[in-house]
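Undergrad: prediction below, plus the sequence it came from.
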Amino acid sequence: MSRAGVVGLVLLVVVALLLSCFRITNLDLGGHLAVGERILATHAIPDTDFLSHTFPGHPYPVHQWLGEVALHLVDRSAGVGGLILLRMLIVLLAALILRRTALREGAPQAVAAALVILLLVAMQPRFFVRPFLATLVFLALLQSWVRDYCAGRRESLWPLPVLLAVWGHIHSGVLFGVLFLGGTIAGELLDRRIRSGTRTRQDDARFRPLLLYSAIAAALPFATMALINPSGLKPLVLPFLFFTNSGFTSMIGEYRPVNLATDWPFDLVAGLLLVGLVLRRRRVDFAGLFVLAGFGFLAFRAVRGILPFAVVAAPVLAQTWGGLAADLSRRARRIAGVPSTEWAALLVALAAASWAGSRTLDGTPFPFGFGKDAKHYPTAALDFIETHHLQGPVFNTDLWASALLWRFGPERMPVFVDARLEAYPESFWKEGYYRVLQAVPGWREVLDRYEVQFAMIRRKGGETDDRIGDVLREDPAWGLAYWDDHAEVFLRRDTPHATHRELLASGELVAVDPRRPGSVMSLRGADARAARDEMARLSAINAGAFLSRWAGAAAALRGGDADGAVRTLEDLSSMREARDNAAFLRTRAEAELVAGRRDAWSALLREAGGDPADPAELFDAGSLLSGAGVVAEAIALYRATLAVNPSHTDAMNNLALLLAQRPEGVPESLDLLTEAVRRMPEDPYYLASRGEVRLAAGDHDGAREDLRRALRLLPATDAGARAQVEGLLESAEGK
């Protein structure tokens, strides 16, 4: 092996392991593990739903029973880390098989590694821990055996039926194997017709066994499934249900058509193939073209198909780009005995791998490392449910079903819905689940029908516009018991479970809206202190929560504890959620300002994208300090606002009210308010402010005139301001 080949192989191994080492993110793994556990416990494949409390016993064909058993065994013996290691091994094995295929199709060693690296980069968004991932290895292996046989590099095809028979029970992705065999046979038949004069008897003799073994291999998954699985052949035809059902495809992101503007993995592979076919179209055999066309169509119809499409693209890329590299190598000047094109290919692969690797290490698009992703598996919320012995039935978003099933199992916590769309009547999704999720009229009746006792939903509305979180918070029949960065837990007040009632009585959360935690910045006094206390309780439950600690620091700042807020915010600044978070940086800047460090405020404000010299920023800073009682600095900032923008009437008003707190400041205060009223004669708030200052200065007639006019102009909806003006007017008229 050349030095470039060795470097390419090492780079390929590193990239394969790196791109597949990320936390569990898929939303169906908990269900897979529960099915695998049930099969081992009962020694039977279930054919009805046992994961939900909404449709227990409803017919459900299990189409990946052997894969689910395997995943459960790995989880039971090695835990989450074992599942991620299994994924890494599958991806690495598939990468090595694809490299071997590329080499046998004529690609130089380093070029073969480079092409496979590019395919891995394209496939990474589909590297989920689920039975479907086995398709990556099985299809690569099937392709390698069949192409070797067709090229005369292999004499036996007996492993084909065994491979597809096992594959069929691991996942219905075996249909990709059947499609591959069908495309290969069609390509060989076309080749026989076009090249009939150049084919040999040996070619014809090899075709008959290929046809026979392909037919047996394609039939075995169906035959064995019909014998073993109580659902018969339904599991293997299930994928066609998704492709033909527009309702399901609209709900499952993996079954949406490719968007060429955003789905770069498909664009990458398809673009390389098209350019390669233009440059070296005569090198590609008909079988490869037939297979590629079929898989390309499926990938275009559903992004889930990008993974098998990339697998079957490997030999065509090797024939075209690999052949081009080989041709150029024979003509190019050699560097230290190594073809220059190989090093060029490695540079391209290294650039792609470096880009993908940096994104992976940065957690884009998936969080690098072992364990479960908190966005999909909120451990602290599950701990809260377990610690407080919350009992169902539960309403959960489909996002949390896997987490609930994985933690509690279907016996302890059957879910409302999970990721298996086909397990529920299609009408239930619209009339049941989405009616509740979107808080459409009738949602209460749905929850009553299924006797739901608590709800675990997303903290923030998702793509499906789950308004239910906002509605439950305002509904007197429900109370919020817990929330964190990702999840909310609501309890029903009239529940028969005493533990639920006691939890709401002692710890209901009412001070901060979890979906709008920034609203804490508008709180003052007792409200701010209540918010601070609630956030402290939440932080004690989940010390790693970012939002509740941030909201708690903001509440502490509003409650007068600027130094405590600064310390908390400094601690939070090292968390990933704080990175490039402009709103968080602004909170830090405000805390530093109230704590008396204006230079730190300026620096943090600039980092957040603001300008400390902007009159709007100066005015907001003055308002913050005024509310915190830092009067002298607030006055300085309002003066700075007017120095930059002399027509800023709000700054005139606020500065005037602060100046009027001292007798010597009253004349300037009245001048400022008179100028504000001159500029905005119909503004009731400026009139009210001038009336208040005139009253304090002893000008009762002027005060009455301003206050009466302000009262006429104030909107009826601003009850607080009207009450304040009425009180001032009563005082003025009594003088």
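TA: Looks like it arrived, so ask away.
Undergrad: point out where this protein drops to low pLDDT.
TA: Scanning the chain for pLDDT under 70 picks out the ranges 195-204, 238-255, 327-342, 356-357, 359-364, 462-464, 735.
Undergrad: now the residue positioned nearest the centre of it: how far from Pro365?
TA: Geometric centre of the chain, nearest residue: Lys375, 6.8 Å, by C-alpha atoms, centre = their mean. For Lys375, the distance to Pro365 equals 12 Å [C-beta to C-beta, to the nearest Å]. All C-beta atoms are positioned from the backbone trio N, CA, C, and that covers glycine.
Undergrad: try Val80
TA: Distance from Val80 to Pro365, by C-beta to C-beta: 19 Å.
Undergrad: and those two? Which one has more around it.
TA: Val80 (18 against 11; other C-beta atoms under 10 Å).
Undergrad: surely that one and Lys372 touch.
TA: Yes. With contact defined as C-beta atoms under 8 Å, Val80 reaches Lys372; the gap is 6.0 Å.
Undergrad: give me the common contacts of the two.
TA: Common contacts of Val80 and Lys372, defined by C-beta atoms under 8 Å, 6 or more residues apart in numbering, comprise Ile24.
Undergrad: so what's the residue count around the residue nearest to Phe546 when sequence neighbours are not counted?
TA: Excluding the flanking residues, the one nearest Phe546 by C-beta to C-beta, 6 or more residues apart in numbering is Glu577, at 4.2 Å. The number of residues packed near Glu577 is 13, by other C-beta under 10 Å.
Undergrad: wait, what's in contact with Glu577?
TA: Shown in contact with Glu577 (C-beta under 8 Å, 6+ apart): Asp485, Phe546, Leu547, Phe584.
Undergrad: in helices, which of these appear?
TA: Among these, the residues falling in helices (DSSP state H) are Phe546, Leu547, Phe584.
Undergrad: are we agreed that His389 is in a strand?
TA: No. Counting by DSSP: H, G, I helix; E, B strand; the rest coil, His389 falls outside a strand, being coil.
Undergrad: distance of it relative to Ile541?
TA: Distance of His389 to Ile541, computed by C-beta to C-beta: 15 Å.
Undergrad: can you map out the strands along the stretch 551-700 of the chain?
TA: Applying DSSP state E, counting those that start in this stretch to the stretch 551-700 of the chain gives no strands.
Undergrad: can you check the chain too?
TA: 334-335, 338-339, 394-396, 454-458, 478-483, 487-492 (DSSP state E).
Undergrad: those: which one's closest to Gly173?
TA: Gly173 sits nearest to strand 394-396 of all those, at 27.8 Å, using C-beta to C-beta.
Undergrad: strand partners (parallel or antiparallel) of that closest one?
TA: Sheet pairing for strand 394-396, assigned by DSSP bridges, gives strand 454-458 (parallel).
Undergrad: CA atoms only for the partner strand - export them in PDB, please.
TA: Listed next in PDB are the C-alpha coordinates belonging to strand 454-458 (Å, rounded to 0.1, in the frame of the first residue of the first chain):
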ATOM      1  CA  PHE A 454     -50.400  15.000  34.000                       C
ATOM      2  CA  ALA A 455     -48.800  16.400  30.900                       C
ATOM      3  CA  MET A 456     -45.100  16.400  29.800                       C
ATOM      4  CA  ILE A 457     -44.700  18.800  26.900                       C
ATOM      5  CA  ARG A 458     -42.100  21.000  25.300                       C
END
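Undergrad: what lies in contact with that strand?
TA: By C-beta under 8 Å, 6+ apart, the residues outside strand 454-458 that reach it are 381, 385, 390-392, 394-397, 399-400, 404, 437, 466, 468-469, 472, 478, 481, 486-492, 495, 500.
Undergrad: how much space between the residue nearest to the centre of the chain and Arg459?
TA: 10 Å.
Undergrad: need the overlap of contacts for the two.
TA: If you check Lys375 and Arg459 against C-beta under 8 Å, 6+ apart, the residues they both contact are His486.
Undergrad: now the helices for the stretch 101-250 of the chain?
TA: Ranges of helices within the stretch 101-250 of the chain are 109-123, 134-150, 159-170, 174-194, 201-228, 234-244, 246-251, based on DSSP state H, counting those that start in this stretch.
Undergrad: got the ones you listed as CSV, with distance to Gly36 and mean neighbour count columns?
TA: Formatted as CSV, those follow (distance: least, C-beta to C-beta, whole Å; neighbours: other C-beta atoms under 10 Å):
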stretch, distance to Gly36, mean neighbour count
helix 109-123, 25, 28
helix 134-150, 14, 22
helix 159-170, 12, 21
helix 174-194, 18, 20
helix 201-228, 15, 16
helix 234-244, 15, 17
helix 246-251, 24, 14
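Undergrad: and of those, who's closest to Gly610?
TA: Among the helices of the stretch 101-250 of the chain, helix 109-123 comes nearest to Gly610, with 37.5 Å by C-beta to C-beta.
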